[in-house]
Structures are given as C-alpha cells and as structure tokens.
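In: I'll drop the sequence and a predicted model, then ask my questions.
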Amino acid sequence: MNPHTLNEFRHAIYGCFQRASDALFNTVDALLTEDRAHSFPELSLSPLFKRKWSSLYEAFEDGRIDEQQLKQVFNAFLPPPEAEMPMWVGVDTSGIARLGSVTSADRSAQPVHDLRECDKPVTYGWQFSTLVALPETPSSWTYILDQHRVSTETTPAQVAFAQLSQIAISRSEPIIAVLDRGYDSTWLWCHCSTLPLSGTLVRLKGNRCFYRMAPAHTGKRGAPRKDGAKLQPDDLSMHGVPSGYRLCQDAKGRAIDVCSAFQPRARVSPGQTGVVVGKASFADSRPIRALESHRGHCSQSPGAGTRPSCSRASPVGKQTA
C-alpha cells in the first residue's frame with residue numbers, strides 16, 4: 001500500500017472517534033500488534049500504546065465511534081474493481097467464546113467444531129457477522145466493509161440481509177454476494193431476490209431438496225400436481241438432463257463443468273409465512289453444481305444433451321438473480 005494512502009486512511013479512521021479519540025486510536029494500534037495479550041496490562045505494554053494501562057478503561061468506557069462515518073471510510077478506501085467487472089462480497093459469522101463470563105450480557109450458545117469426543121459440543125459467547133470485499137487474487141487479506149454483533153434477538157441471516165441491503169444501495173458497481181451453507185435459508189433467498197444485486201451465490205446443504213416446476217394438468221380427475229420431479233443436488237441420479245452447462249477452466253487450468261437447473265421450487269410447510277416477498281419466488285433461483293476434473297480434463301467433450309463426466313465434485317451452490 002502507498003504510505004500516503006495509509007496515512008490518509010489512519011487520519012480518516014481517527015476522525016470517526018467522537019470521544020476519547022487518542023485512547024481509542026492507541027488501543028487499535030495495540031490490538032493490531034499484540035495479538036497474544038490476554039489482559040489490559042499486557043496490552044498496555046505494546047510499544048504502540050503510549051499511555052498508561054488505565055487509559056484502556058477510558059477507551060472502552062468513554063469512547064464513542066461514529067459507525068456510519070466509519071462505514072463510509074471503509075467504502076471510500078476500497079479499491080475499485082476493473083471496468084465492467086462486478087464486485088464480489090462475502091458474509092460470514094465468527095464467534096468469540098466467553099464461557100467463563102457468566103455476567104456478560106446477551107451471550108448465546110455456539111457450536112464448537114473439530115471436537116473428537118464431546119456430548120455437548122457447544123460453548124457460550126458472542127457472534128459477529130462480517131461483510132468483506134473479496135480480493136481479486138485469493139489471499140488471507142481482505143477489505144472489511146461492515147461488522148455487526150448477532151444478538152440473541154436476531155439470526156445471522158437477518159443481520160446478513162441488513163448488511164447486504166446497505167452495501168447494495170451504497171455502491172454503484174454490480175455486486176455478487178457469496179455465502180456459506182449456514183445461510184441456506186428459504187427466508188434469506190427470497191429477501192435477497194428483492195435487492196439490486198447482480199446475483200447471490202449460496203452453498204447448499206447436502207440434504208437440501210428442490211422440486212421442478214409442476215407439469216401441466218392432464219385433465220384427469222383429482223387435484224393437479226403441485227410439484228414436479230424431485231431434485232436433490234447431492235444425488236446425481238435425480239439431476240437428469242441439465243437445463244444448461246458451461247465447460248471452462250479455473251485459474252490453474254483445470255477443467256470445470258458447471259451444470260445448472262432452472263426454475264426449481266422448495267417445498268414449504270403450510271404454516272410457514274414470509275416466504276414470498278414482493279415479486280421474489282423460487283422461480284428466481286438456480287441450483288448450480290460444479291464438477292472439477294482431477295487431472296485437468298474431462299472424459300468427453302460436451303455435446304447436445306450430454307455433459308462431461310468428471311472425477312471430483314465441488315460443493316453445490318445456488319444462485320438467485
């Protein structure tokens with residue numbers, strides 16, 4: 001990064017602090033450099049924290065941050081995408097475990113992953129939903145655009161939709177949102193269809209079921225069919241002939257066969273409400289499955305009514321346009 005750009009960014013961040021600005025700014029520098037500190041006295045030993053350790057309490061108790069101005073700073077310093085190229089954004093939640101903080105307000109139960117043997121793989125703490133701009137070159141560094149704590153009165157899907165709603169109206173370039181399978185939600189799909197986004201790509205759960213559009217009424221006695229053939233993305237035998245596919249290559253030159261099925265539906269329980277929002281419906285979604293060749297080639301070339309047979313499948317996704 002250009003040193004002048006970094007200096008301007010730091011000055012803009014400092015301008016978002018409305019009270020106890022110096023203490024807050026020193027605390028930010030200390031947190032960025034002392035990632036192993038476990039207490040306020042340890043954090044205050046950072047060379048970048050030029051105050052006494054008691055100033056940390058001042059920063060967190062008396063400090064005030066203009067959140068809207070901070071979001072504007074993040075957007076202003078975001079590198080613009082190439083001409084006529086969409087901006088890719090990602091949303092995900094991360095938890096901070098605070099099992100011993102029994103007096104902390106609004107803690108929620110969170111799953112603990114990668115446990116070998118445990119009867120109750122849960123802990124207690126806070127969840128945070130983070131919206132980032134994905135860099136063009138894959139990297140551990142990214143550009144944060146927004147972050148909110150997921151309270152016990154909301155869900156990660158509701159917070160993600162609120163964040164996507166704000167970024168959709170604040171940016172002029174087309175935006176494509178990418179979400180993990182934790183956001184495989186009927187409610188979120190329909191609401192994202194109402195946003196001015198170029199697309200929303202969601203990783204599907206393995207047991208997610210779709211149904212093709214119902215066939216025309218045959219004229220026979222009885223009620224007409226409400227759903228068509230079953231389509232379970234994880235079961236290739238149910239896919240049939242795809243509605244569309246494209247054979248392409250990834251950044252490493254490996255062949256990728258992208259198959260899609262148009263106009264699916266998801267079955268909804270009779271008591272579920274809020275599924276259809278405005279003009280959004282399940283006909284706006286498109287399940288996509290990407291098959292990746294292990295050695296960079298497929299067993300046959302795509303022709304009319306055929307699809308390449310590849311050796312390894314990547315996770316299933318769903319796109320709403």
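Out: Okay, I see it.
In: What is the burial count for residue 192?
Out: Residue 192 has 28 neighbouring residues, counting by other CB atoms under 10 Å. Heads up, the C-betas are built off the backbone N, CA and C, glycines and all.
In: Was I right to think it contacts residue 200?
Out: Yes: look at residue 192 against residue 200 with CB atoms under 8 Å: they come within range, at 4.5 Å.
In: So residue 183 versus residue 149, what's the distance?
Out: 17 Å (CB to CB, to the nearest Å).
In: oh, I was asking about residue 248
Out: Counting by CB to CB, the separation of residue 248 from residue 149 is 39 Å.
In: Need the pLDDT of residue 27.
Out: Residue 27 is assigned a predicted lDDT (pLDDT) of 91.
In: Please confirm that it is located within a helix.
Out: Yes: residue assignment for residue 27, taken from DSSP: H, G, I helix; E, B strand; the rest coil, places it within a helix.
In: how near is it to residue 7?
Out: When distances are taken as CB to CB, residue 27 and residue 7 turn out to be 19 Å apart.
In: Those two: which is more packed in?
Out: Ranked by neighbour count (other CB under 10 Å), residue 27 and residue 7 place residue 27 first, with 24 against 10.
In: so who does the closest residue to the more buried one other than its chain neighbours touch?
Out: Across the structure, with CB to CB, 6 or more residues apart in numbering as the measure, the residue nearest residue 27 apart from its sequence neighbours is residue 59 (4.5 Å). Listed by CB atoms under 8 Å, 6 or more residues apart in numbering, the contact set of residue 59 reads 20, 23, 24, 26, 27.
In: gap between the first one and residue 233?
Out: Just to be clear, that refers to residue 20. Between residue 20 and residue 233 the distance, using CB to CB, works out to 51 Å.
In: who's more crowded, the two?
Out: Each of residue 20 and residue 233 had its neighbours counted (other CB under 10 Å), and the higher figure belongs to residue 233 (23 against 18).
In: in the stretch 1-150 of the chain, which spans are helices?
Out: Remark: helices of the stretch 1-150 of the chain, listed N- to C-terminal, are 3-14, 21-33, 40-44, 55-62, 67-76; assignment by DSSP state H, counting those that start in this stretch.
In: Relative to the centre of the chain, find the outermost residue for me.
Out: In the chain, the greatest distance from the average C-alpha position (CA atoms, centre = their mean) is reached by residue 221, at 46.9 Å.
In: could you point out where this protein is predicted with low confidence?
Out: Within the chain, the segments meeting pLDDT under 70 span 1, 114-118, 261-321.
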